[in-house]
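Student: Sequence and predicted structure below; questions after.
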Amino acid sequence: MNVLLISGMGPEVPNKKLLEGSSFESLLAPEGHRAAAGRPDVFDLSLLRTADGAGQPLLRPRRAGGRARAVSSVRLTAPAAEEAEPGKAPHLTTFTLQSILLAAGVDHEVFPIERIWTGSAVEPPTDMDVVLLSTTFIWDRRTLAKAVAWVEERFPTADLVLGGQYSNLKFQRILAEHPFVRYIVRGDAEAALPALLRALRTKGDVADVPNLVWRDPDTDRMRMTRIEYIDLDALPSPGPVGTLPVVPYESMRGCPFSCKYCSFPAASPKWRYKSAQKIADDFLRYRRENGAEYIKALDSTFTVPPTRLRALLPLLAEADVGWEAYTRANSIRDRSVVDDLERAHCRALSIGFESMNDTTLGHMHKQVKARANRVAFELLQNSSIHSFVSFIVGYPGETPELFEDTRRFLVSEYSGQFALYAFMMNDETMPIWQEADRFGLEVFDLDGEAEDWTHCGMDSRTAAQLQLETLREVRWKNDHAIARVWQHGFESPLLPGRSPAQNAVVEKAVDRLGMLSADVRDPAEATRRKDRLLSDLAGHGVVTAR
């Protein structure tokens, strides 16, 4: 039986408006279109070179699955510390599913789902009997329909099996709208997927397969089997084959929190987590057997429950493997926690502050106060741990006046990398949909990207304007805050071998230089700023090629 696994990231939703009129817009334009995209006042960023060594370009296109990312996605949080990573990790979902298939002795081919979104000319292997399609990073009907149609066109006689976040929540509608979808694995796939494939291979009865939804071929009615949850502590963690310097890691399933913008808990309603000893043993095994130098913990929050964190950090101190993770602000409550994290070789943390206003945080049901955000920020600023923080403007119920607390914090106090996302409603699984009446929420173009919306606090146009104005103000008034907007298109760090502090200074100067043509309309002022920025870059070993 020939099995094809299709898995990976969802389609990017680039916010190109943030780069309109900038040098980055020109640089990132496809070959042959750069001249049309540019203007006389746009600086050619491709001229920037490092003065040492071979004088390589400062902005080197990123190699990510064979393509460079155009701009940062509004769907995904950026990596916590790209300059801290010794390399790139495999995609967690693909990594986990491959491990399940390999452990079950299932021969299979893997096809990155990104090639569907980009229209890649690379075609998958032919003659597949079963196609496994992950919906973990699919979030709307249009995206799913594109993927299903793509599979049906190439493998019309194959059994299509779905699994992952979106199909966990939308299985009834998917089976109703897509006759080609034969089976959906809900929840844990470790037992269900091998059992289903075994039944398909032997033409056995799938009614004994746990966590399965399918369309009965005789009655065309939906049928479901029992839900079973695996014991994360008892089950072996995914085991890669060969050398893998950076390993993706999952220490829990589900989430104990209920933020209204996140459907993660609903897709996996039973929160389970590995013990501290299990995690430490896994880290040591990856280092010993795979040469792992770095672990990317990709849980919704790696630092809960606090009892596990207290037991885990001393064990990771002995494991001597660098790692990064996602955390909540109120987990970083005092200096002793930060000290323990540093001793445990934590290199970076990603945190969703989302807002610096308690009313807005309450609307989100974030269960964190603005004060906890500020405490975490101040503690991490005085540590060796790199932090990346995300914010949202325009969440339902937020007014421009409420957003002012976030804007003021970013402009006057924040230091380090951050992202400011304009709220979007294109995720059909977000719990906030249940409170549409409360906030007077209306969304237009539901079959599109749902960028056009209004609620009692503001509309999408206002949110986009606040986003643009805030980023511009931070760019020129705050020397220490760097918004991640264009960076995903390029290799990081810009200056390999230099310190994070030096790279931050250079990245800030490049950010200002690249956005100069969009931000400053007065030619004389623009020239003055450009000359000063080029002089500053030269002081850090970055020159302009002639």
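Tutor: Arrived safely, thanks for sending. Computed from a predicted structure; not experimentally measured.
Student: Strands of the stretch 351-500 of the chain, start to end?
Tutor: For the stretch 351-500 of the chain, the strands defined by DSSP state E, counting those that start in this stretch cover 386-393, 416-422, 442-444, 452-454, 481-483.
Student: Ranked by average pLDDT, which of the ones you listed falls at the bottom?
Tutor: Note on these: strand 442-444 shows the lowest mean pLDDT, a mean of 88.
Student: Off-centre distance for it?
Tutor: The chain centre lies 25 Å from the centre of strand 442-444; the measure is C-alpha atoms, centre = their mean, to the nearest Å.
Student: could you say what helices and strands it packs with?
Tutor: strand 452-454 (3 or more C-beta pairs under 8 Å, 6 or more residues apart in numbering; DSSP states H and E). Any C-beta I mention is one placed from the backbone N, CA and C, and that applies to glycine too.
Student: Tell me the helices and strands packed up against the strand it packs on.
Tutor: Applying 3+ C-beta pairs under 8 Å, 6+ apart, we find strand 452-454 packed against strand 442-444, helix 460-477.
Student: Would you point to the one among these that's packed deepest?
Tutor: Ranked by mean neighbour count, these are led by helix 460-477 with a mean of 18 (mean count of other C-beta atoms under 10 Å).
Student: and that helix, what does it pack onto?
Tutor: Packing partners of helix 460-477 (3+ C-beta pairs under 8 Å, 6+ apart): strand 386-393, helix 400-412, strand 416-422, strand 452-454, strand 481-483, helix 500-519.
Student: how about 7 Å then?
Tutor: On a contact count with 3 or more C-beta pairs under 7 Å, 6 or more residues apart in numbering; DSSP states H and E, helix 460-477 meets strand 386-393, helix 400-412, strand 416-422, strand 481-483, helix 500-519.
Student: For this protein, name the helix or strand with the lowest mean pLDDT.
Tutor: Across the helices and strands of the chain, mean pLDDT, DSSP states H and E gives its lowest value to helix 34-37, namely a mean of 44.
Student: Now do the next helix or strand after that helix: which elements does it pack against?
Tutor: Using DSSP states H and E, the helix or strand that follows helix 34-37 in sequence is strand 48-50. Under the contact criterion of 3+ C-beta pairs under 7 Å, 6+ apart, strand 48-50 touches strand 542-544.
Student: who touches the strand it packs on?
Tutor: For strand 542-544, the external contacting residues (C-beta atoms under 7 Å, 6 or more residues apart in numbering) are 47-51, 58, 506, 534.
Student: hmm, back to that, so for residue 25, which of the strands of the stretch 351-500 of the chain sits nearest?
Tutor: strand 481-483 (15.4 Å; C-beta to C-beta).
Student: partners of the closest one, with directions?
Tutor: Looking at strand 481-483 with DSSP bridges, its partner strands are strand 416-422 (parallel).
Student: Of all the strands of the stretch 351-500 of the chain, which one comes closest to residue 295?
Tutor: strand 386-393 (15.0 Å).
Student: and the angle for the closest one with helix 400-412?
Tutor: Here the directions of strand 386-393 and helix 400-412 differ by 150 degrees (axes from the mean of the first three to the mean of the last three C-alpha atoms, to 10 degrees).
Student: who does strand 386-393 touch, helix- and strand-wise?
Tutor: When contacts are defined as 3+ C-beta pairs under 7 Å, 6+ apart, strand 386-393 packs onto strand 346-354, strand 416-422, helix 460-477.
Student: List the residues that contact the nearest residue to residue 541 once chain neighbours are set aside.
Tutor: In space, and not counting its chain neighbours, residue 541 is closest to residue 51: 4.5 Å by C-beta to C-beta, 6 or more residues apart in numbering. Residues near residue 51 by C-beta under 7 Å, 6+ apart: 541-543.
Student: where's residue 51 relative to residue 542, distance?
Tutor: 7 Å (C-beta to C-beta, to the nearest Å).
Student: now residue 407
Tutor: In this structure, residue 407 and residue 542 are 31 Å apart, going by C-beta to C-beta.
Student: on that earlier part again, of the contacts of strand 542-544, the lowest pLDDT goes to which?
Tutor: Across the set of the contacts of strand 542-544, residue 51 stands lowest in pLDDT, at 82.
Student: where's that residue relative to residue 375, distance?
Tutor: With distances taken as C-beta to C-beta, residue 51 is found 41 Å from residue 375.
Student: Kindly report the same for residue 415.
Tutor: Using C-beta to C-beta, residue 415 is found at 15 Å from residue 375.
Student: Next: residue 116.
Tutor: From residue 116 to residue 375 the distance is 43 Å (C-beta to C-beta).
Student: hang on, the earlier thing: tell me the one of the contacts of residue 51 nearest residue 391?
Tutor: When the contacts of residue 51 are ranked by distance to residue 391 (C-beta to C-beta), residue 542 comes first, at 29.2 Å.
Student: The spatially closest residue to residue 128 that is not a sequence neighbour and residue 109: what is the separation?
Tutor: Leaving aside its sequence neighbours, residue 128 sits nearest to residue 4 (C-beta to C-beta, 6+ apart; 4.4 Å). Distance, residue 4 to residue 109, by C-beta to C-beta: 5 Å.
Student: hey, what's in contact with both of the two?
Tutor: With C-beta under 7 Å, 6+ apart as the test, residue 4 and residue 109 both reach 124-125.
Student: The protein - how does it break down into domains?
Tutor: Per automatic domain parsing, the structural domains of the chain span 16-59+495-546, 61-89+246-492, 91-224.
Student: Nearest to residue 235, out of those domains?
Tutor: Closest to residue 235 of these, according to C-beta to C-beta: domain 91-224, at 6.1 Å.
Student: Which stretches in the stretch 1-150 of the chain count as strands?
Tutor: 3-7, 48-50, 109-112, 130-134.
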